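Chemist: sequence and computational prediction follow.
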Amino acid sequence: MNTQLLLQTTANAGAVSAMYALIAVGLTLAFGVMQMANLAHGHFFMAGAYTVYALYALHDWPFWFAVAAAVGIGAVIGLAVERGIFRPLRGDVVGGFIATAGLMFVFEVFMGEVWGWGHMRQVPSPYMRAVKFFGASVSFQRVLVIPFAIACIGGLLIFMRWFRLGRALRAVAQDPEAASLQGININRMTALAMAIAGALAGIAGGLMSTIYAVTPALGGHIILPALIVVVVGGMGSVGGVTLASILLGFVMTFVTTLVDGVTAMMVSVAVMALVLAIRPQGLMGHVVT
Amino acid sequence: MRMKQLRKLVVPISLVAVMVLAIPWAASARKKKAPTAEGPSQVSEALSGLPAGLTLDEVVILSHLPDQQIGVEYPIGETINVGFLCALSGPDAGWGLPGLTGNTIWIDAVNKTGGLLVGGVRYPMAIHPFDDEAVASKALQGARELVLEHDVKFISAIGGDAAKATAPFLTENKVIYASLVPTDCDPSRPYVVAGGDITPQCNMFNALIAKMNLPSEEELGRPLTYALTTQDCIMSRQVGAWEIGAAKAMGFKIVYEEFFGVDTTDFAPIITAVMATKPDVISLCEAWPEYQTMMWEQLFLQGYEGVVVQNYADWETNLTKIPPEYAAAQCGIDSFPLMDDPWWGETSWQASFTNVWNVRYGPGAPEDVKRTMTGIDWDHMIWLIPWSIGAQIAGEETPGEWPSNDAILAALRAQASFPTILGPGHMSGKEMFGIDNMIEEPVPMCMFDLEAKDKRIVAHLNFEPWYASIKPVVLKAVEERGQMYYQR
């Protein structure tokens, strides 16, 4: 591998790592608070992408206004799913898993019937240029994801450490029963967690609508890497998601460049299995007693 | 069940019920038709004595038929069912979904005359689509449904993995499967036909046209280099082998030849790997319409400065990701021209097809497809029309009954030439694919035109003499890759 190839691949990997982090951080938050995996998280992402398509591509809204709308749409969907699925099924891990799996298909069919199943939806790139780092070129749209990922993860960490509501979220994630005994309203906290998770998925989908093909199947493509990141990082650990995103981003990109994408996915799953074998709670997760 | 448990179920059940009710409502809201558009005046003109509703442009479209006798009454026979078994969704939908418009235009024009005239009987035609999502198992399911439930005699399809999966069943039922690619043709698949799509011929010509747009080896002081990357599927492997053979015959040194997974979503590392070999030509080969857009984007963003060739470029999509100046600078060589290309002339079969298409499917039209016409809208008609021609010729031997597909194919093979959308064609393919089930016709080659901001024909080439001159090199390359028909 020559220097130019190494630099370009590293630049690609950095951008992809930020993309994975932004997608997965909402998923790990929701999992941490509700102790249930939201398989429809990828479809919240898809809803964000379609929001930008509808507002920016079809109705000429400014791109950033459309992304802001995607955040709102994601939050509303998160609230609705918490109220309609996770709250009634609290404590029923298998039930929640199956319900969100079903929700994936409902979302996919709904989007397909509304927007059509055929061609990918065209979301024009608002920034049709590349950023050059030491001879490597990365799309400006991908580079934009990096500060947003840092801001979202950093903001979430600050919120959960320094703000009362954030500390309450952490309390519910650690021990819901004890949190309830302390007067924390569990329903409000789970609703808040899902709203934030949905908003994060919405912003990810909105920003990346010009990078991925916007189709009803988009959510299905996104959820697997997101789940791998969450499992490897440690379910419920925002710091773990950051670390795992970097690990997965670099593994996927380097192996795809040097071998192929199928091998890259196999290696990623193998890395996940290895981490789980050595540290079942993930890189920065907590052992559940 | 206790009240508390019942209450837990009320909300999720209500949520699901709302979503289920919302889906058909949303679908019906989306399908509201736009106001009828006013088409060009010549399209609405009908000659006296012709069936009501048949336009002059539709008469031109039907002109390929040797014996339609428009306006003459004949007894009406059974409905002949035709299948459309293609990807209507997913990353390969760009090669399937648009083709429905062309096939529908043909069938509706035929039906306006009462039906296809075969052996003294007019047979109305009906089309039945099935979305196989480019998945082999779904294609087989679709083939079974189309044959067993709808009694189709002819299926328009994309081919590749789907052709392989459906061949045994369709061979048993003697149903013609019109693939887009002759590489699907095989002596063990007597009813798989192709060639109207000019693949792999156009892929092979890519190397010739690319070489004409590059400095010579003498000027560069080194051999010209060629890289190929596309998704890993049967069609890509087959077509890619023929394209590499042609590139070698043109003197290119092959520096990269890799196939990425069909589930790929990130094309940045794919393009990085290709560009690391510093090729003069990058071929996207059979990259699916969705993928080729994202690959073009990465080529632009990573600063590729060589020639880009491919089987089919979707410029309406591509230009949402890359500036037209970049596409023009990299030549953007492909085939599947547009029917409104000035090359065809203002009075032509192609011009009439364009008129009919725009009035029905264009902006503001009753069935507005919300896009411009592409090179795929006519692509599936290119075998449907010869099949109809063959039926008319074969029907002369069996008046009063619809001829078998064996008779139709024999009738076509017996013709020295018959009309196709791209020019005079004849059946061929025994040497390349082991069976004369391919239509050989002139191959139009396109390049991106900056003024038009779309593809334009730059040459209309005769494949057979050129192929004869490079055959040994090409066949060796295809054999080395295990893609000859007797190796698969």
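Modeler: Sure thing, it's come through. Numbers count the residues shown, from 1 in each chain, chains lettered A, B, ... in the order given.

Chemist: need the residue closest to the centroid of chain B.
Modeler: By CA atoms, centre = their mean, chain B has its centre lying nearest to residue B:379, at 4.1 Å.

Chemist: contact partners for that residue?
Modeler: Residue B:379 is in contact with B:95, B:98, B:99, B:102, B:180, B:196, B:197, B:336, counting by CB atoms under 8 Å, 6 or more residues apart in numbering or on different chains. For glycine as for every other residue, the C-beta is placed from the backbone atoms N, C-alpha and C.

Chemist: which SS class is it?
Modeler: coil (DSSP: H, G, I helix; E, B strand; the rest coil).

Chemist: before we move on, back to that, among the contacts of residue B:379, who's most crowded?
Modeler: residue B:180 (32 neighbours; other CB atoms under 10 Å in any protein chain shown).

Chemist: tell me the SS of it?
Modeler: Quick answer, by three-state DSSP: residue B:180 is coil.

Chemist: which two among the contacts of residue B:379 are spaced furthest apart?
Modeler: B:98 and B:196 (15.2 Å; CB to CB).

Chemist: now the helices for the stretch 1-150 of chain B?
Modeler: In the stretch 1-150 of chain B, the segments counted as helices under DSSP state H, counting those that start in this stretch are B:3-30, B:41-44, B:56-61, B:99-112, B:136-150.

Chemist: in chain A, where is pLDDT below threshold?
Modeler: Within chain A, the ranges that satisfy pLDDT under 70 run A:118-119, A:286-289.

Chemist: would you list every one of the strands in it?
Modeler: A:130-133, A:136-139 (DSSP state E).

Chemist: now residue B:303: how far from residue A:16?
Modeler: 19 Å (CB to CB, to the nearest Å).

Chemist: looking at these two, which is more packed in?
Modeler: residue A:16 (26 against 13).

Chemist: these two touch, right, that one and residue A:253?
Modeler: Yes: if you go by CB atoms under 8 Å, residue A:16 and residue A:253 touch, sitting 5.4 Å apart.

Chemist: name the residues contacting each of the two.
Modeler: B:266, B:268.

Chemist: by contact count, what packs against the longest helix along chain A?
Modeler: Ordering each helix of chain A by length in residues (DSSP state H) puts helix A:3-34 first. Applying 3 or more CB pairs under 8 Å, 6 or more residues apart in numbering or on different chains; DSSP states H and E, we find helix A:3-34 packed against helix A:41-52, strand A:136-139, helix A:140-162, helix A:164-174, helix A:186-207, helix A:218-233, helix A:238-258, helix B:268-275.

Chemist: so which of these is the most surrounded?
Modeler: Comparing those by mean neighbour count (mean count of other CB atoms under 10 Å in any protein chain shown), helix A:41-52 comes out on top with a mean of 29.

Chemist: and the stretch 1-150 of chain A, which of its residues are near chain B?
Modeler: A:2, A:4-5, A:8-9, A:12, A:15-16, A:80, A:83-85, A:87-89, A:99, A:102, A:106, A:109-110, A:112-120, A:122-125, A:128-130, A:137-139, A:142 (CB under 8 Å from any CB of the partner chain).

Chemist: which residues does residue B:82 contact?
Modeler: B:103, B:107, B:125, B:126, B:127, B:128, B:152, B:153, B:154, B:155, B:156, B:384.

Chemist: and which of the residues you listed is nearest to residue B:399?
Modeler: The nearest one, if we look at the contacts of residue B:82 relative to residue B:399 and count by CB to CB, is residue B:153, at 18.1 Å.

Chemist: am I right that the closest one falls within a helix?
Modeler: No: in this structure, residue B:153 is strand, not part of a helix, as judged by three-state DSSP.

Chemist: that one and residue A:268: what is the separation?
Modeler: 48 Å.

Chemist: same check, this time on residue A:131
Modeler: According to CB to CB, residue A:131 and residue A:268 sit 26 Å apart.

Chemist: okay, these two: which has more neighbours?
Modeler: residue A:268 (21 against 17).

Chemist: hmm, back to that, which stretch in the helices of the stretch 1-150 of chain B has the least confidence?
Modeler: Lowest mean pLDDT within these: helix B:41-44, at a mean of 44.

Chemist: residues contacting the nearest residue to residue B:115 once chain neighbours are set aside?
Modeler: Take residue B:115 and drop its neighbours on the chain: the residue closest to it by CB to CB, 6 or more residues apart in numbering or on different chains is residue B:122, 3.5 Å away. By CB under 8 Å, 6+ apart, the contact set of residue B:122 is B:74, B:75, B:76, B:77, B:113, B:114, B:115, B:116.

Chemist: quick one, phi psi at the fourth one?
Modeler: According to degrees, to the nearest 10, the main-chain angles of residue B:77 amount to phi -100, psi -160.

Chemist: what about it, how many residues nearby?
Modeler: Counted with other CB under 10 Å, residue B:77 comes out at 20.

Chemist: picking that back up, now the helices and strands packed on helix A:3-34 in CSV, with distance to residue B:449?
Modeler: Formatted as CSV, the helices and strands packed on helix A:3-34 follow (distance: least, CB to CB, whole Å):
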stretch, distance to residue B:449
helix A:41-52, 31
strand A:136-139, 26
helix A:140-162, 27
helix A:164-174, 57
helix A:186-207, 34
helix A:218-233, 33
helix A:238-258, 34
helix B:268-275, 24
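
Chemist: so for residue B:141, which of the ones you listed sits nearest?
Modeler: That would be, of these and by CB to CB, helix A:218-233, which comes in at 20.2 Å.

Chemist: tell me what that closest one is packed against?
Modeler: In terms of contacts (3+ CB pairs under 8 Å, 6+ apart), helix A:218-233 is packed against helix A:3-34, helix A:41-52, helix A:93-115, helix A:238-258, helix A:261-278.

Chemist: circling back: specify the beta-bridge partners of the residue nearest to residue B:115.
Modeler: Per DSSP bridges, the residues bridged to residue B:122 are residue B:76, residue B:117.

Chemist: what about it, distance to residue A:7?
Modeler: Distance from residue B:122 to residue A:7, by CB to CB: 68 Å.

Chemist: if you skip the residues just before and after it, what's nearest to residue 243?
Modeler: Unless you meant another one, I'm taking chain A. Counting by CB to CB, 6+ apart, residue A:243 lies nearest to residue A:283, which is 5.4 Å off, once chain neighbours are set aside.

Chemist: sorry, should have said chain B
Modeler: Spatial nearest neighbour of residue B:243, excluding adjacent residues (CB to CB, 6+ apart): residue B:203 at 4.1 Å.

Chemist: mind listing what's buried along the helix or strand that contains that neighbour?
Modeler: In this structure, residue B:203 sits in helix B:201-212 according to DSSP states H and E. For helix B:201-212, burial by neighbour count (16 or more other CB atoms under 10 Å in any protein chain shown) applies to B:201, B:202, B:203, B:204, B:205, B:206, B:207, B:208, B:209, B:210, B:211.
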